[in-house]
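S.K.: No sequence on hand, only this structure:
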């Protein structure tokens, strides 16, 4: 059950950048709902601790064999919530490639697994990357558009044309 809740929260989180437009879309509303669920204190921003706790919960739910490391198979099989969008767009191969790239970046020592330490380091690097104003908080906008997994999957499903 906990695994399903985490999958749903991350699914809501990663859907918004792909679906967000100038007006409030369903994807944007779902993303903001995920943000709100992480922002338990209702301050309007997420701190590194909240982001880490969310990430740790996701790690535990991905680690299906409970060996404290994520294999590529575990990483690829976990429901990010965008599979249907990739299928609908005919971009399933690009979607899987994006996940493989994220996995390769997070597998810092190249041993084919993401350890808890590598996961923590990657999350904190992703947090800093998303924190555009360097204030140690992620706003809704920073969270919904700056998290590495969301960026990679959004680009895979809906690539920006080169002019």
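M.R.: On my side now, so go ahead. As the structure is a prediction and not an experimental result, all values here were calculated from the model.
S.K.: so what pLDDT did the closest residue to residue 78 other than its chain neighbours get?
M.R.: In this structure, residue 78 finds its nearest non-sequential neighbour in residue 62, 4.6 Å apart by CB to CB, 6 or more residues apart in numbering. Bear in mind the C-beta positions are built from the backbone N, C-alpha and C, glycine included. On pLDDT, residue 62 comes in at 94.
S.K.: Correct me if wrong: residue 62 contacts residue 70.
M.R.: Yes - contact criterion CB atoms under 8 Å: residue 62 and residue 70 qualify, at 5.5 Å.
S.K.: More neighbours: the two, which one.
M.R.: Set side by side, residue 62 and residue 70 show more neighbours around residue 70, with 26 against 20, by other CB atoms under 10 Å.
S.K.: you'd agree the more buried one is in a strand?
M.R.: Yes - according to DSSP: H, G, I helix; E, B strand; the rest coil, residue 70 belongs to a strand.
S.K.: That one pairs with what?
M.R.: As for beta bridges, residue 70 partners with residue 114 under DSSP bridges.
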